[in-house]
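> Show me the folded form of this:
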Amino acid sequence: MVIIFFIYEIHVHQDCEAYLRNYGYLRTEPGDWTQQRQGRKGKRGKHVGTRKTKATKKTNRGALKLAISDLQRFAEIKKTGKLDRETRDLIRRKRCPHSDPVPMVMTRSTAHSAHPQPGGTIRKWGRVDLTYRINSYPGENRLLREEVDETIARAFQVWADVTPLKFRLVAEKADIEIEFARGKHGNCRFHFDGSGNTLAHAYFPGEGLLGDVHFDAAERWTIQSPQGTNLFIVAVHELGHSLGLDHAEHRDAVMYPWYPGYLGSSYIFELPAVDVMAIQALYGAP
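Next up, the predicted model:
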């Protein structure tokens, strides 16, 4: 029983470390033995590694503790620097796959903008009249096309209400292309993982694939229901990325990276003040 628990703890810590690396909280240290082993070669072409000293181990533990503390600070949970129950519950929650803006660290979102900047916003559209097109629908999730169209339109309107931005649905190629897909899809290098975990991803503003939004069709998308995953609130969040916003470290922000659950009818949704300030810093007030 003790051995099983010990193995479980190892897996939990490995999952936590992978999570921290994936979302920008932990970077590979220059002295990391694994990287040296993979990247350096001796005269005969064999990989050469350095011994992992006690000092290196202490540094790695310190970096991990700092990364956990940064995650806890950003998520606004108790800052312990330890993988406690609240932190474990956090990393199991559904969330947006964009990396989080960690202070003093050059982060790179999963949107992989051509011009990443440290934290804050990445890019913005150079005009306020934008077009969008919905190329595919969730299908078997039993949402009517009309319901999806209306929900996406309301999500756009949330941002239009507080800025000079205007959005128009078109049938031809658009600035923001929207689709529901599974697993590996199109020329997007990021694959969906099935129901749960990653819900959708979006690209920051730009030409081609940039600006586009992809939803995981494996999710049970719902609209006016506490069941499944609410399409409206996820769409508002991802469109925030399409307009140039990064994640916000405020629980009440729509740009908070973790899925908040059902927040009530989308017809009475009001964009939180922190998000209004962020988007108006890019495009101004209406």
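> Might one say that Gly284 is in contact with Lys124?
No: Gly284 lies out of contact with Lys124 (Cβ atoms under 8 Å); the separation is 10.9 Å. Any C-beta I mention is one placed from the backbone N, CA and C, and that applies to glycine too.
> the more surrounded of the two?
Shown here are Gly284 and Lys124; by other Cβ atoms under 10 Å, Lys124 has more neighbours (16 against 12).
> What's the first helix or strand after the helix or strand bottoming out on mean pLDDT in the chain?
Here the helix or strand of the chain ranked lowest by mean pLDDT, DSSP states H and E is helix 33-39, holding a mean of 34. Downstream of helix 33-39, the first helix or strand assigned by DSSP states H and E is helix 54-75.
> So for that following helix, what gets flagged as buried?
Buried positions in helix 54-75, judged by neighbour count with 16 or more other Cβ atoms under 10 Å: Asn60, Ala63, Leu64, Ala67, Ile68, Ser69, Asp70, Leu71, Gln72, Phe74, Ala75.
> List the contacts of the fifth one.
Yep, that's Ile68 we're talking about. By Cβ atoms under 8 Å, 6 or more residues apart in numbering, Ile68 lies in contact with Cys16, Leu20, Tyr25, Thr80, Gly81, Lys82, Leu83, Thr87.
> and if you look at the third one?
For Leu64, the contacting residues are Glu17, Leu20, Leu26, by Cβ under 8 Å, 6+ apart.
> Of these - the most surrounded one?
Going by other Cβ under 10 Å, Leu26 tops those with 23 neighbours.
> mind listing what that residue touches?
Glu17, Leu20, Ala63, Leu64, Ala67.
> Where helices are concerned, which of the contacts of Leu64 count?
The helices, defined by DSSP state H, take in Glu17, Leu20 from the contacts of Leu64.
> Quick one: neighbours of Arg93, just the number.
14.
> hang on, the earlier thing: so which of the contacts of Leu26 comes closest to Leu199?
Of all the contacts of Leu26, the one with the least separation from Leu199 (Cβ to Cβ) is Leu20, at 19.9 Å.
> how close does that closest one get to Arg61?
Distance from Leu20 to Arg61, counting by Cβ to Cβ, to the nearest Å: 13 Å.
> those helices in the chain, which residues are they?
Under DSSP H, the chain gives helices at 2-22, 33-39, 54-75, 85-92, 145-160, 231-242, 273-283.
> could the ones you listed go into TSV alongside distance to Gly183?
Formatted as TSV, those follow (distance: least, Cβ to Cβ, whole Å):
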stretch	distance to Gly183
helix 2-22	18
helix 33-39	28
helix 54-75	28
helix 85-92	21
helix 145-160	20
helix 231-242	18
helix 273-283	31
